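1. Quick one: sequence plus predicted model below, questions after.
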Amino acid sequence: MLVVTPLEAEPVPESLITLQTQVDARLPDIDLSELLMEVHAFTGFAHEFDNVSEGKTKVDDFATSLCAVLVAGACNIDLKSVAQPTNSALTLSRLNWVKQQYLRADTLLRANACLVAAQAATPLASVWGIGETASADGLRFSTPLRNTVAAPNSKYFGTGRGVTYYALSSDQYTGLHGRVIPGTLRDSLYILGNLLEQKTVLRPQEVMSDTAGYSDVVFGLFHLLGYQFSPRIADIGHTRYWRMDRHANYGDLNEIARNQINTGLIASHWDDLLRVAASLKQGTVPAPEIMRVLGKNGSLSGLGKAVAELGRIAKTLYLLNYVQDEDYRRKIQRQLNRGEARWVLARLIFHGRKGELRQRYRENMEDQLGVLGLVVNAVAVWNTRYISASLNWIKEIGEEVKQDDVARISPMRHGHINVLGRYHFEMADDIAAGAMRPLRDPDAINDADWTF
């Protein structure tokens, strides 16, 4: 058995603490609504939203309306909370129309790609990474309404049910793509699906994750497609290692790598293996559905066994590297921490309705959580821009800025961002004098129309 000593936390140097304090002190306080408007001003992401039937919109102040709808969706509040009846761009009818006509999976995908590109073009982002590495993790949501996706799990949802939003995060702190899966299902084929479906300028070659229900088949599929699958494996001491040559001398590993690869099985199915890879790459077969091609009733076909056999080669090489190289294990942990930082920010923003997801259908869930991911990306882009300005300011006044410290500053900072709105304490003179407000006309507004 190979034993891996758990990693100790990386020390935080005094220079990093000082730099973080200096940066935080300079970041402007801002409301989430203003942040989105400003990000649109220098990226134009709102232009990626077109009308479902009419194409590009020509309505006045469209970006204002769209940002209000995005705030409502990301914060999990109703449209009435962001509406202003005296502003034509923020009336309830305008906001509901924008939500119905412009908020779709394809427009969210394009807008998200716009923000990822804006982040990638920032010099500071290249200090954190160049887009070749990503991580996958899930954020869980309770779903009190009866729906078609949720599943029970007492650990996370008590006596209720819930879903997991499984998403891919880049090494530049941007979210690339995500999908809703039932309950707390941990299946690394969903990671592969996100990787193949994402449409940003970044092209990750290695994906890191928690154990994620990995299997030899998954290692084989990632390898066939030219990707490196790098899960942080909890039970690594009991993992099997495989050898190509039964008679080769692997030294200290002889007693560990006792299982032999069936190279003949791989060779006999090689053409079919390439067809599987092409089908996945072209989207003919979605990655989460590939097991239906490779097996039936829980058993692998000959082709499925060949994929698993290929995966054992890739998995063994990965495990040997993982066990031997502590720096590599730290790199994996560091990237997983970046994904976790995104979820901390996402949970802070998604504060309305007790943080519960109240949609009945998968498409609506993915649209709303796509909005949340888009807003988190907007925060990352805005923070990166202002962190860069703060670092330049610190350098101009003669302070030392170490590159190693810059690499550890996260754009997931949020202490300066107000996500809770504002309270107003003004009254009309007649109300202050004791008059009553007019009663609401129940036929004028249907409250159900204004929920996200």
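-> Yep, it's here.
2. Sketch out the strands for the stretch 201-350 of the chain, chain order is fine.
-> Listed from the start of the chain, the stretch 201-350 of the chain has strands (DSSP state E, counting those that start in this stretch) covering 206-209, 228-231, 242-243, 259-260, 295-296, 299-300.
3. In what element of secondary structure is residue 391 found?
-> When secondary structure is defined by DSSP states H and E, residue 391 falls within helix 362-396.
4. chain center to the following helix or strand past that helix: distance?
-> Stepping forward along the backbone from helix 362-396, the first helix or strand reached (DSSP H and E) is helix 403-406. Averaging C-alpha positions (C-alpha atoms, centre = their mean, to the nearest Å) puts helix 403-406 25 Å from its chain's average.
5. Parallel or antiparallel, which strands does the next helix or strand after helix 403-406 pair with?
-> Sequence-wise, the next helix or strand beyond helix 403-406 is strand 417-418, with elements assigned using DSSP H and E. The strands that strand 417-418 pairs with in its sheet are strand 30-31 (parallel) (by DSSP bridges).
6. Of all the strands of the stretch 201-350 of the chain, which one is nearest residue 362?
-> strand 206-209 (22.2 Å; C-beta to C-beta). C-betas here are computed from N, CA, C, even on glycine.
7. Mind listing what's buried along that closest one?
-> Along strand 206-209, the positions that meet the burial threshold by neighbour count (16 or more other C-beta atoms under 10 Å) are 206, 207, 208, 209.
8. Would you mind giving those as a markdown table with pLDDT added?
-> Conversion of those to a markdown table gives the following (pLDDT from 0 to 100):
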| residue | pLDDT |
| --- | --- |
| 206 | 97 |
| 207 | 96 |
| 208 | 95 |
| 209 | 93 |
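9. Just the closest of those residues to residue 19, please.
-> Using C-beta to C-beta, residue 208 is the member of these that lies nearest residue 19, at 26.2 Å.
10. That closest one and residue 404: what is the separation?
-> When C-beta to C-beta, to the nearest Å is the yardstick, residue 208 and residue 404 sit 21 Å from each other.
11. try residue 66
-> Where residue 404 is concerned, residue 66 sits at a distance of 40 Å (C-beta to C-beta).
12. Out of these two, name the residue with the larger neighbour count.
-> residue 66 (27 against 10; other C-beta atoms under 10 Å).
13. what sits against that one?
-> Residues touching residue 66, when contacts are defined by C-beta atoms under 8 Å, 6 or more residues apart in numbering, comprise 46, 49, 98, 102.
14. Least confident secondary structure element in this structure?
-> The helix or strand of the chain with the lowest confidence, counting by mean pLDDT, DSSP states H and E, is strand 295-296 at a mean of 79.
15. Do I have it right that residue 172 meets residue 128?
-> Yes. With contacts counted by C-beta atoms under 8 Å, residue 172 reaches residue 128, the gap being 5.4 Å.
16. Please enumerate residues in contact with the helix or strand harbouring residue 119?
-> According to DSSP H and E, residue 119 maps onto helix 105-120. Applying C-beta under 8 Å, 6+ apart, the set of residues contacting helix 105-120 from outside is 39, 42-46, 48-50, 125-126, 131, 170, 172-177, 199-202, 363, 366-367, 370-371, 373-374, 377-378, 380-381, 384.
17. ok, of those, which come out buried?
-> Using 16+ other C-beta under 10 Å as the burial test, the contacts of helix 105-120 include 39, 43, 45-46, 48-50, 125, 131, 170, 172-177, 200, 202, 366-367, 370-371, 373-374, 377-378, 380-381, 384 as buried.
18. Leaving out the residues flanking it, which one is nearest to residue 338?
-> residue 173 (5.7 Å; C-beta to C-beta, 6 or more residues apart in numbering).
19. May I have the secondary structure class of that neighbour?
-> coil (DSSP: H, G, I helix; E, B strand; the rest coil).
20. separation between it and residue 100?
-> As defined by C-beta to C-beta, residue 173 lies at a distance of 32 Å from residue 100.
21. again with residue 235
-> In this structure, residue 235 and residue 100 are 48 Å apart, going by C-beta to C-beta.
22. just for the stretch 151-300 of the chain, where's the confidence low?
-> Judged against pLDDT under 70, the low-scoring parts of the stretch 151-300 of the chain cover residues 184-186, 212-213.
23. what about 80?
-> Low-confidence regions of the stretch 151-300 of the chain, defined by pLDDT under 80, span residues 183-187, 212-213, 234-238, 296-298.
24. Kindly report the same for the stretch 1-150 of the chain.
-> For the stretch 1-150 of the chain, counting by pLDDT under 80, the residues that fall below are 1-3, 54-58.
25. so residue 210 touches residue 188, yeah?
-> No. Between residue 210 and residue 188 no contact is recorded; they are 9.7 Å apart, counting by C-beta under 8 Å.
26. can you list residues touching both of these two?
-> In the contact map built from C-beta under 8 Å, 6+ apart, the residues linked to both residue 210 and residue 188 are residue 231.
27. what inclination does the helix or strand where residue 98 lies have with respect to helix 362-396?
-> Taking DSSP H and E as the criterion, residue 98 maps to helix 92-102. Counting by axes from the mean of the first three to the mean of the last three C-alpha atoms, to 10 degrees, helix 92-102 points 100 degrees away from the direction of helix 362-396.
28. Which positions in helix 92-102 come out as buried?
-> Judged by neighbour count using 16+ other C-beta under 10 Å, the buried positions of helix 92-102 are 92, 94, 95, 96, 98, 99, 101, 102.
29. farthest-separated two in these?
-> With distance counted by C-beta to C-beta, no two of the buried residues of helix 92-102 lie farther apart than 92 and 102, which are 15.9 Å apart.
30. what about residue 76, how many residues close to it?
-> Considering only other C-beta under 10 Å, residue 76 is surrounded by 21 other residues.
31. With adjacent residues omitted, what lies nearest to it?
-> Closest residue to residue 76 in three dimensions, ignoring its sequence neighbours and counting by C-beta to C-beta, 6+ apart: residue 352, at 3.5 Å.
32. pretty sure the one you found contacts residue 79?
-> No. Using C-beta under 8 Å, residue 352 makes no contact with residue 79, being 11.6 Å away.
33. more neighbours, the two?
-> With other C-beta under 10 Å as the criterion, residue 352 and residue 79 differ in neighbour count, and residue 79 comes out ahead with 24 against 19.
34. got a list of what that one touches?
-> Applying C-beta under 8 Å, 6+ apart, the residues near residue 79 are 68, 69, 72, 92, 95, 96, 99, 450, 451, 452.
35. follow-up on the earlier one: got the strands of the stretch 201-350 of the chain as a markdown table, with distance to residue 321 columns?
-> Supplementary listing: these in a markdown table, determined by distance: least, C-beta to C-beta, whole Å:
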| stretch | distance to residue 321 |
| --- | --- |
| strand 206-209 | 11 |
| strand 228-231 | 9 |
| strand 242-243 | 15 |
| strand 259-260 | 19 |
| strand 295-296 | 29 |
| strand 299-300 | 26 |
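36. Thank you kindly, that will do.
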